[in-house]
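Make a model of this:
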Amino acid sequence: MIDPGLVSVTFRKLSPREIVDLARQAGLAGIEWGGDVHVPHGDLDRAGEVAAMTTDAGLRVMAYGSYYRMGGSDDPSFEKVLDTARALGAPVIRVWAGNQPSAQADTSDIVRAHWQRIIAESQRIGDLAGEAGLRVAFEFHSGTLTDSNESARRLIEQVDHPAVGMYWQPIVGRDVAHNVAGLRALLPWLVNAHVFHWGPTTQDRHPLADGADAWQQYFAIMRGSGRPHGALLEFVPDDAPQAFLRDAATLKELLRDDTA
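Next up is the predicted model:
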């Protein structure tokens, strides 16, 4: 089962109410709320308000996009992030695996220590999240230890924690076969996917319909996990609500068998 949703930071300039209204208009299942603008870390009152706003509209809180970056400063602390996610009613917290690209991870003692630090911190926050009945999940993102198929698989295997999973998204500029291989490699740990159609660079955003053939393949693989997942629309052309509504219609059509 794959449920369609929206990543709130797609519309950083809109209020939570406007985002809820857009998601409801689009007929999506829920929202991943961002911690940088819409539900700030530590603002438990705002988190509760947004949670109620979401559920009152017949939507689910699908995740908390915390932007918590392991290996960085202690602000915000993960404990503050976790408290906010609990107040929001989010089942999973999206985090970033450090601040160094994986290509540098084995080139010196310093960066090898960074790798070990990220593993240890992942296990620590996995313990905290698991005790609260939540999960954490790495974003599959450039400039981190999960920036390639191989390094993401290596990290999640070495962390080896039941409350730590993975997000996935296609690597912009790589072909479908490469992205399929990465998704298959990470499928045992997959939580949600960020959905978009960009290329050849991240600045080149296209209608999701133009990438429908690729996403049909990706969704077929995701269905094979036997677990529920979210397919969360992120960053549409021109950051335009009408582009989002168009892409949401495409997404629902691609997931028609899941949502019927």
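
Could you use CA atoms for every contact and neighbour count after this?
Noted.

Could you list the low-pLDDT ranges of the protein?
73-75, 104-108, 110, 259-260 (pLDDT under 70).

Tell me the helix or strand right after the helix or strand hosting residue 50.
Using DSSP states H and E, residue 50 maps to helix 44-56. As assigned by DSSP H and E, the chain's next helix or strand after helix 44-56 is strand 60-69.

who does that next one pair up with?
Sheet partners assigned to strand 60-69 using DSSP bridges are listed as strand 30-34 (parallel), strand 92-96 (parallel).

Any chance of TSV for those strands, columns distance to residue 176 and mean neighbour count?
Below are the strands paired with strand 60-69 laid out as TSV (distance: least, C-alpha to C-alpha, whole Å; neighbours: other C-alpha atoms under 10 Å):
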stretch	distance to residue 176	mean neighbour count
strand 30-34	26	26
strand 92-96	24	26
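
Identify whichever of the ones you listed lies nearest to residue 129.
Closest to residue 129 of the strands paired with strand 60-69 is strand 92-96 (C-alpha to C-alpha; 8.5 Å).

is it true that residue 225 touches residue 189?
No - the pair residue 225 / residue 189 is not scored as a contact, 9.2 Å apart, by C-alpha atoms under 8 Å.

Show me which of those two is the more surrounded one.
Using other C-alpha atoms under 10 Å as the criterion, residue 225 and residue 189 rank with residue 189 on top: 22 against 15.

ok so, going back, could the strands paired with strand 60-69 go into CSV alongside distance to residue 217?
Shown next, in CSV, are these (distance: least, C-alpha to C-alpha, whole Å):
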stretch, distance to residue 217
strand 30-34, 23
strand 92-96, 24
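
Out of those strands, which is closest to residue 208?
Between residue 208 and those, the tightest spacing by C-alpha to C-alpha is seen for strand 30-34, at 18.2 Å.

Next, the angle helix 44-56 makes with that closest one.
160 degrees (axes from the mean of the first three to the mean of the last three C-alpha atoms, to 10 degrees).

Start the count at 5 instead of 1 going forward.
Done: numbering now begins at 5, and the last item shifts to strand 34-38.

related to what we said a few turns ago, would you mind telling me which of the strands paired with strand 64-73 is nearest residue 152?
Closest among these, using C-alpha to C-alpha: strand 96-100, at 13.6 Å.

what distance separates the closest one from the centre of its chain?
7 Å (C-alpha atoms, centre = their mean, to the nearest Å).

All good on my end, thank you.
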